[in-house]
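[1] got a sequence here, can you model it:
(3 chains)
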Amino acid sequence: MDRKLETRQGKVLPIKFYSRATLSVARDLLGKVLRVRDGRTWRSGYIVEDEAYLRDDPACHSYNGLTKRNQSMFKGPGTAYIYRIHQVHCINAVTRPGEAVLIRAIEPIQHIRSSTNGPGRLCRALGITQDKHDGLSFVDSKDLQIASNGEFAKFGLGVSARVGISEAIDEPYRFYVEDNLYLSR
DNA sequence: CTTCAGATCCCCT
DNA sequence: GGGGATCTGAAGA
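    Numbers count the residues shown, from 1 in each chain, chains lettered A, B, ... in the order given. Prediction:
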């Protein structure tokens, strides 16, 4: 990997970053680097769209408590929660117990070969699967990380209702980088 | 441009 | 047995 790309990788976010109010974490994840190991290098992109899911939130997978599927949501701040829906994988960053941020779109940085606008598509582009990555820690894992490199340009913060849910459909818990070219839809 | 059905299977009730 | 934090392609306005 050349030096310029090395620099662009940035520093892994500490567990402290995730141990905060989920809405704050969702806002602050915009512009951070999501990366997945691909041999000697990374597949990576800037997070440009995400959604918060809270504990007392009918749209949240943990709303009815701990189950087999959502157990990663209770493994602590900075855990990756990956679930499948309709043959597609989606990735979340866990914050407080039972709360998480769904990553919905990334702007490609490195080794991205297919579209990344949408939670299912970005997981496919990065090679993220439930089998390989569910329950890993973004803080400790050598294969799955979120980092800050300080290079993402200043941006306007967009806020809207969440996408694709049938409960709590009006809550303004979706955050995105205004005018970014890689948003979903 | 927008809406809508279908795919397809794992998880939960 | 029913539905889903999705995606795609087809049809309509």
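[2] list of residues touching stretch A:117-136?
    Residues outside stretch A:117-136 that contact it (CB atoms under 8 Å, 6 or more residues apart in numbering): A:34-36, A:38, A:43-45, A:71-72, A:75, A:79-85, A:88-91, A:102-106, A:108, A:112-116, A:143-144, A:182-185. From N, CA and C alone the C-beta is placed, and that goes for glycine too.
[3] secondary structure element for the residue of chain A found nearest DNA strand B?
    Nearest residue of chain A to DNA strand B, counting by CB to the nearest atom of the strand: A:Thr67, 2.8 Å away. Here A:Thr67 sits in a region with no helix or strand, counting by DSSP states H and E.
[4] and it, how far from A:Ile47?
    27 Å (CB to CB, to the nearest Å).
[5] same check, this time on A:Gly156
    To A:Ile47, A:Gly156 is 15 Å away according to CB to CB.
[6] likewise for A:Val159?
    15 Å.
[7] who's more crowded, these two?
    In this view A:Val159 and A:Ile47 are compared by other CB atoms under 10 Å, and A:Ile47 has more residues nearby, 26 against 13.
[8] list the buried residues in the helix or strand containing that one.
    Assessed by DSSP H and E, A:Ile47 sits inside strand A:41-53. Neighbour-count burial for strand A:41-53 flags A:42-53 (criterion: 16 or more other CB atoms under 10 Å).
[9] that one - contacts with which helices or strands?
    The contact analysis (3 or more CB pairs under 8 Å, 6 or more residues apart in numbering; DSSP states H and E) places strand A:41-53 against helix A:22-29, strand A:33-38, strand A:100-110, helix A:119-126, strand A:174-177.
[10] with mean pLDDT as extra columns, can I get these in TSV?
    Output for the helices and strands packed on strand A:41-53, formatted as TSV (pLDDT from 0 to 100):
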stretch	mean pLDDT
helix A:22-29	98
strand A:33-38	96
strand A:100-110	97
helix A:119-126	96
strand A:174-177	96
